[in-house]
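**Q** below is the sequence, then the predicted model.
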Amino acid sequence: AGARVVVVSSGGMYNTKFPEWADATAAEGVAYNGNLAYAYAKRGQVLLCERWAAAHPTVKCVSCHPGWSNTPAVDEAYGEMKKYLEPLRTPWEGAEGIAWLCAADAGVLQSGGFYLDRKAETKHIAGPFFTEGSYTKNSPAEVEVMMANLHAWANGARALTGPQVSGLARR
């Protein structure tokens, strides 16, 4: 099947672009919002997968959305609007697409793609009538800042600030 990384994200990432690091991490003085924290994390996973795909061209790096299930969390988050998420899935139906990404021939996978139901989907639907939009897109400089902060955090450092971030944003 070939080397690959499959990152399970969520359609929740469609709600936002990745924010400033302090907002994404609910840093001191930033109010925590669980729904936004989830969306930020899921958008960040998709961006991270895109970067891995570019950095490691011999490895298929894909992210995916398993679809929405008829759960109390979906009821709470979407209420009557959940009808637009149909078809609602069983856990098996959501897992099937993930398993397919793990086993499919590498030649059929678009590295850096975001998958649902075995096909690459648009990553941004903030345009009119659910078309490709720009509201949820991050600039290359914003993604660079996110990546630098992830690297710093993974190595035990605090988030980059001031001149460090300004230098990255000018790239």
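**A** Good, I have the coordinates.
**Q** quick check: residue 154 vs residue 25, distance?
**A** Spatial separation of residue 154 from residue 25 under the definition C-beta to C-beta, to the nearest Å is 13 Å. From N, CA and C alone the C-beta is placed, and that goes for glycine too.
**Q** neighbour count: the two, which is higher?
**A** The residue with more neighbours, out of residue 154 and residue 25 and counting by other C-beta atoms under 10 Å, is residue 25; that gives 16 against 8.
**Q** excluding chain neighbours, what is closest to that one?
**A** Counting by C-beta to C-beta, 6 or more residues apart in numbering, the nearest residue to residue 25 once its immediate chain neighbours are dropped is residue 159, at 7.0 Å.
**Q** doesn't residue 149 make contact with the one you found?
**A** Yes. In this structure, residue 159 sits in contact with residue 149. The criterion is C-beta atoms under 8 Å, and the distance is 5.1 Å.
**Q** the two: which has the busier surroundings?
**A** Comparing residue 159 with residue 149 by other C-beta under 10 Å, the one with more neighbours is residue 149, at 23 against 18.
**Q** so who does that one touch?
**A** 21, 159-160 (C-beta atoms under 8 Å, 6 or more residues apart in numbering).
**Q** need those residues in TSV (columns: secondary structure and distance to residue 49).
**A** Below are the contacts of residue 149 laid out as TSV (DSSP: H, G, I helix; E, B strand; the rest coil; distance: C-beta to C-beta, whole Å):
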residue	secondary structure	distance to residue 49
21	helix	19
159	coil	22
160	coil	22
